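>>> Got a predicted structure here, sequence first:
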Amino acid sequence: MKAYRIFKDQEGIRGRFVDMTPDELTPGEVLIEVHYSSVNYKDALCGLGVRPIPRKFPLNGGIDLSGKILESTLPQFKVGSWVLCNGAGLSETNDGGYSELCRLTEDMVVEINESFAQESMILGTAGFTAALALYQMELNGLKPEMGPIVVTGASGGVGSVATALFSQLGYEVWSVSGKPEAKEYLGSLGAQKVLTMEELSLGSQPLGKGLFAGVVDSIGGHTLGGLLAHIKTFGNLASIGHAQAPDFQSTVLPHILRGVNLLGISSANTPIELRRKIWSRLGEGWRIKGLDKMPIQEIRFSELETAFQSLLDRKNRGRYILKIKD
Ligand SMILES: NC(=O)c1ccc[n+]([C@@H]2O[C@H](COP(=O)([O-])OP(=O)(O)OC[C@H]3O[C@@H](n4cnc5c(N)ncnc54)[C@H](OP(=O)(O)O)[C@@H]3O)[C@@H](O)[C@H]2O)c1
């Protein structure tokens, strides 16, 4: 079987294609014939050796997969059923989805319909994370009538799905993107405004005018601090990523004077029951209607590293889906 495996040696961390046998895979009760995977920022960091995502080496890359059960020792998971897995240790402690076969343990498996196998990987961890942010924000009181939602890194995977998902559920979405050419695309996903950070002109005061009910933030850095200062009373900021920078500057004022919630979103560590609930919503009531408007590039193994580079160079729009099985 062919796999894209991450190695660590004297030259650093780097992925490469290998032929391996199923016996070499990390153990699990369910053997999956992988049909699709996806390309996330984290996959790119890991494959090109920018950041050490795996916690042991060597390990197959790919934090997402969907496919069919080939073997199972668990009665609840039948041979021939379609499943997906995202995060949950893939490419961190468990061999990941960039492989023709993968073994999963019970608490990693999410059952799906066959018809959702491809679509779920268009969404991948990025889409799951956008949905998890929505779930956590609504759990903390967010409602469409409270005001606009700002989505940062909007042309990326998380940002694109967040723009589409929040919009279709009745939220007024303001998508913030550094790519002027993404304006039309984000508008087609439902964004009511598409802005650059400069156009938002937030200033640097610790507490500014309350402008937004919520923020879905993929970039961190000074942008996160600036946005926190402008969240309305009892609003929420879902902190997802740090494409700009991991550190940010802020004060306690938004929290103690306005009751603003800073919510941590961790897709990789989401407990399996919540994981299944979120995916079930994405397959039904939260099914993304604008997916056909999203630029989706279906790639093969040979194009994987080019896709990684485009994510790191900030040249991507929408999602890459990796087709593994014909
Ligand atoms: N917490 C979690 O569970 C979780 C899950 C998934 C992803 N993440 C993290 O969330 C972030 C987004 O993931 P993704 O898969 O959506 O990545 P992506 O597809 O590469 O999108 C990231 C977007 O952020 C913006 N961006 C990139 N570099 C930037 C920079 N230096 N300064 C400001 N903006 C920048 C770009 O959007 P524009 O050009 O439109 O501005 C880019 O399209 C990553 O940091 C990823 O590691 C976290």
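Done, it's in.
>>> Distance check, the residue of the stretch 51-200 of the chain found nearest the ligand against residue 276.
The ligand sits closest to residue 156 of the stretch 51-200 of the chain, with a gap of 1.8 Å, by CB to the nearest ligand atom. Bear in mind the C-beta positions are built from the backbone N, C-alpha and C, glycine included. Between residue 156 and residue 276 the distance is 25 Å, computed by CB to CB, to the nearest Å.
>>> The helix or strand containing residue 298: how far from the chain's middle?
For residue 298, the enclosing helix or strand under DSSP states H and E is strand 296-299. In terms of CA atoms, centre = their mean, to the nearest Å, the centre of strand 296-299 is set 16 Å apart from its chain centre.
>>> Stretch 210-217 too?
Chain-centre distance of stretch 210-217: 19 Å, with CA atoms, centre = their mean.
>>> Could you list the residues in contact with it?
With contact meaning CB atoms under 8 Å, 6 or more residues apart in numbering, stretch 210-217 is reached by 130, 133, 137, 142-143, 146-153, 158-159, 162, 166, 171, 174, 223-224, 227-228, 230-233, 235-241, 258.
>>> The residues you listed in helices, which ones?
Using DSSP state H, 130, 133, 137, 158-159, 162, 166, 223-224, 227-228, 258 are the members of those that sit in helices.
>>> ok, and of these, which contact the ligand?
158-159 (CB under 6 Å from any ligand atom).
>>> got the ones in helices among the contacts of stretch 210-217 as JSON lines, with pLDDT columns?
Shown next, in JSON lines, are the ones in helices among the contacts of stretch 210-217 (pLDDT from 0 to 100):
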{"residue": "130", "pLDDT": "98"}
{"residue": "133", "pLDDT": "98"}
{"residue": "137", "pLDDT": "98"}
{"residue": "158", "pLDDT": "94"}
{"residue": "159", "pLDDT": "95"}
{"residue": "162", "pLDDT": "97"}
{"residue": "166", "pLDDT": "98"}
{"residue": "223", "pLDDT": "94"}
{"residue": "224", "pLDDT": "96"}
{"residue": "227", "pLDDT": "97"}
{"residue": "228", "pLDDT": "97"}
{"residue": "258", "pLDDT": "98"}
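>>> Can you turn the buried part of the ones in helices among the contacts of stretch 210-217 into a PyMOL selection?
The PyMOL command for the buried members of those (criterion: 16 or more other CB atoms under 10 Å) is given here:
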select buried, resi 130+133+137+158+159+162+166+223+224+227+228+258
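>>> Looking at the ones in helices among the contacts of stretch 210-217, which is nearest residue 248?
Nearest to residue 248 among those is residue 224, at 4.3 Å by CB to CB.
>>> pretty sure the closest one contacts residue 248?
Yes: using CB atoms under 8 Å, residue 224 is in contact with residue 248, at 4.3 Å.
>>> How much space separates the residue positioned nearest the centre of the chain from residue 46?
When CA atoms, centre = their mean is applied to the chain, the residue found nearest the centroid is residue 126 (1.7 Å). Distance, residue 126 to residue 46, using CB to CB: 15 Å.
>>> Next, the contact list for residue 224, please.
217, 237, 239, 248, 250.
>>> Repeat the analysis, applying 10 Å as the threshold.
Applying CB atoms under 10 Å, 6 or more residues apart in numbering, one finds that residue 224 lies in contact with 152, 215, 217-218, 237, 239, 241-242, 244-250, 262.
>>> out of these, which is most surrounded?
Among those, residue 217 has the most neighbours (other CB atoms under 10 Å), with 31 neighbours.
>>> Nearest spatial neighbour of that residue, chain-adjacent residues omitted?
Counting by CB to CB, 6 or more residues apart in numbering, residue 217 lies nearest to residue 152, which is 4.9 Å off, once chain neighbours are set aside.
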